[in-house]
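# Build me a structure from this.
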Amino acid sequence: MINSDVIDYRRLTDPELAAVIAELRKEKGWTQETLAEIARVSPRTIQRLESGQPSSIDTRRTLAAAFDFDDLDTFNGPWPLPNIERLKEESARIERETVAVDVQQMVKGKQLRKLAERAHSFLITSIDDPTDNVEALLASLQDCFCEYGDCHDLYSARDKLEVDRQFQEQIDELRMQGIGIVAGCRRARMRLKSSQSSDASFFLDIVYVVSASLDALPQIVRVPRNDSFGF
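Numbers count the residues shown, from 1 in each chain. Reported below is the predicted structural model:
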């Protein structure tokens, strides 16, 4: 999702409108001649428009009707478009203030169990706005992750198999809701806020578990480069 701060609302330029019309036409599986017939304009009009030539208000209204837009002035009014300069500035800020963490899809309970053993700290969150059912499943996953991670060294090999089974059930239940989870680990150097000495720094393995729709699972997540801990 693009930050609204980098969006301008303005009318499409002729080349931009050309690209939009051509893309909409191709999505429909129409030729230029087919679009011309449906819009009741000449094929030459479509050819000129898709080459980036100027078009009249009436022609743009006719094309909006051909594409079944409720608002016939769709191509005459302002569109939300990215401001390239502000987009570059925002990208630079994100690169400066965050770090990318590689993640992989969790399909086995054993994967989560091993991450829980490694984690000094963790975050479980969702890219989407989860349903109540999915939110409850994620809360259960978080509880299991935390409880096992705190005392995993007390578990026997047989006990760990049961943990694997519990995590697997949670993964499978989320998949039944169309939700997958990805996870990755970042080793971060932490420094006590109350001290400026380098001797007061230490390293933490921070695990990030992120849920998203199965068809939109990310391969990386970006997290704050400088986390603050109030010790």
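
# how's the chain carved up into domains?
Domain assignment of the chain by automatic domain parsing yields the ranges 8-81, 98-224.

# Make sure I have this right: Asp8 is in a helix.
No - if the criterion is DSSP: H, G, I helix; E, B strand; the rest coil, then Asp8 is strand and not within a helix.

# Going by mean pLDDT, which of the domains of the chain comes out lowest?
Ranked by mean pLDDT, the domains of the chain end with domain 98-224 at the bottom, a mean of 91.

# How far off centre is it?
Centre-to-centre, domain 98-224 and its host chain are 18 Å apart (Cα atoms, centre = their mean, to the nearest Å).

# on that earlier part again, and the domains of the chain as CSV, adding mean neighbour count and distance to Glu89?
C-beta here means a position set from N, CA and C on the backbone, and glycine is covered the same way. Formatted as CSV, the domains of the chain follow (neighbours: other Cβ atoms under 10 Å; distance: least, Cβ to Cβ, whole Å):
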stretch, mean neighbour count, distance to Glu89
domain 8-81, 15, 14
domain 98-224, 15, 15
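
# Could you export these as CSV, including distance to Ser91?
Output for these, formatted as CSV (distance: least, Cβ to Cβ, whole Å):
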stretch, distance to Ser91
domain 8-81, 16
domain 98-224, 11
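
# mind checking which of these is nearest Leu87?
Between Leu87 and the domains of the chain, the tightest spacing by Cβ to Cβ is seen for domain 8-81, at 10.2 Å.

# Now for the closest residue to Ala39 other than its chain neighbours: which residues touch it?
For Ala39, ignoring the flanking residues on the chain, the nearest one in space by Cβ to Cβ, 6 or more residues apart in numbering is Ala66 at 4.0 Å. With contact set as Cβ atoms under 8 Å, 6 or more residues apart in numbering, Ala66 has these partners: Leu35, Ile38, Ala39.

# run the last query once more with 10 Å
If a contact means Cβ atoms under 10 Å, 6 or more residues apart in numbering, then Ala66 has 21, 24-25, 28, 30, 34-41, 46 as its contacts.

# Helices - which of these land there?
Judged by DSSP state H, helices contain the following of the contacts of Ala66: Ile21, Leu24, Arg25, Lys28, Thr34, Leu35, Ala36, Glu37, Ile38, Ala39, Ile46.

# isn't the first one right next to Thr74, touching?
If I follow you right, that is Ile21. No - under the criterion of Cβ atoms under 10 Å, Ile21 makes no contact with Thr74, lying 11.1 Å away.
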